[in-house]
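Engineer: okay, sequence plus prediction incoming.
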Amino acid sequence: MNGYMHFLERNWWLLLIRGIAAILFGIAAFAWPGLTVAVLVLIFGAYVLVDGIFGIVDSIRYRDRIDNWWLWLLEGVLGVIVGLLTLFMPGVTALVLLMFIAAWAIVGGVLRIVAAIQLRKEIEGEWLLGLGGVLSIVFGILLIVMPAAGILSLVWLIGIWAVVFGILFIVLAFRLRKAGKERQGLGQAL
């Protein structure tokens with residue numbers, strides 16, 4: 001069995017946690033649309049930093065089982081860099097923040113599409129990961145194309161992206177859990 005698929009099946013709950021965190025972040029963006037830029041920057045920075053740390057730890061821990069583990073390491077490192085820059089430089093202009101967020105979303109989206117292509121023969125529903133990648137790329141491009149959008153628009157755009165992305169990760173997590181149980185059942189039957 002593909003080492004990456006085995007990793008995903010055994011650790012489906014990591015995607016579930018990431019999905020729940022993204023949804024909670026998105027709900028917070030909708031619940032408090034009047035957040036100041038500084039608070040939004042700190043919340044986003046903390047989220048991206050923690051997500052990047054999880055990505056780095058998992059890519060290194062499971063490097064012997066994951067094909068192209070360095071891609072996941074790269075995404076994690078980018079997340080940590082963007083998170084730290086955002087936390088330690090909260091006074092950055094909205095335009096620079098938008099470019100940080102856009103770059104992170106686009107690179108992460110490309111990596112998710114690559115992963116979906118690699119998983120297409122392993123599981124059903126790999127398109128969810130690919131769709132999450134496409135949504136991340138579209139989100140990043142929209143931030144680049146519309147930099148003059150007000151902070152309220154940015155908050156709502158981030159909130160929508162986070163909720164949709166979170167839902168896709170949760171659905172994918174449960175599909176991976178089901179695939180893992182089915183493989184275990186087949187292994188025990190043989």
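Structural biologist: Right, received. Where do you want to start? Numbering: from 1, shown residues only.
Engineer: what ranges do the helices span in this structure?
Structural biologist: Using DSSP state H, the helices of the chain run over 3-10, 12-31, 37-61, 69-88, 94-119, 126-145, 151-189.
Engineer: which stretch in those helices is the model least sure about?
Structural biologist: Within the helices of the chain, confidence is poorest for helix 3-10, with a mean of 78 (mean pLDDT).
Engineer: for that one, list the C-alpha coordinates in CSV.
Structural biologist: Taking C-alpha atoms only, helix 3-10 is exported to CSV below (Å, rounded to 0.1, in the frame of the first residue of the first chain):
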residue,chain,number,x,y,z
GLY,A,3,2.9,4.9,2.4
TYR,A,4,1.1,8.2,2.1
MET,A,5,-2.3,6.6,1.9
HIS,A,6,-1.5,4.5,5.0
PHE,A,7,-0.4,7.7,6.8
LEU,A,8,-3.7,9.5,5.9
GLU,A,9,-5.9,6.5,6.9
ARG,A,10,-4.2,6.1,10.3
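Engineer: so what does that helix touch, helix or strand wise?
Structural biologist: Judged by 3 or more Cβ pairs under 8 Å, 6 or more residues apart in numbering; DSSP states H and E, helix 3-10 is in contact with helix 94-119, helix 151-189. Yep, even glycine has a C-beta here, placed from its N, CA and C like the rest.
Engineer: adding distance to Gly83, write these out as TSV.
Structural biologist: As requested, those are arranged in TSV below (distance: least, Cβ to Cβ, whole Å):
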stretch	distance to Gly83
helix 94-119	9
helix 151-189	15
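Engineer: just name the most buried of those helices.
Structural biologist: Most buried of these, by mean neighbour count (mean count of other Cβ atoms under 10 Å): helix 94-119, with a mean of 20.
Engineer: elements contacting that helix?
Structural biologist: Contacts defined by 3+ Cβ pairs under 8 Å, 6+ apart place helix 94-119 against helix 3-10, helix 37-61, helix 69-88, helix 126-145, helix 151-189.
Engineer: ok, now which ones touch the closest residue to Val57 other than its chain neighbours?
Structural biologist: Setting aside the residues directly before and after it, Val57 is nearest to Gly76 in space (Cβ to Cβ, 6 or more residues apart in numbering), at 7.7 Å. For Gly76, the contacting residues are Asp51, Gly52, Ile53, Phe54, Gly55, Ile56, Val57, Asp58, Ser59, taking Cβ atoms under 8 Å, 6 or more residues apart in numbering as the criterion.
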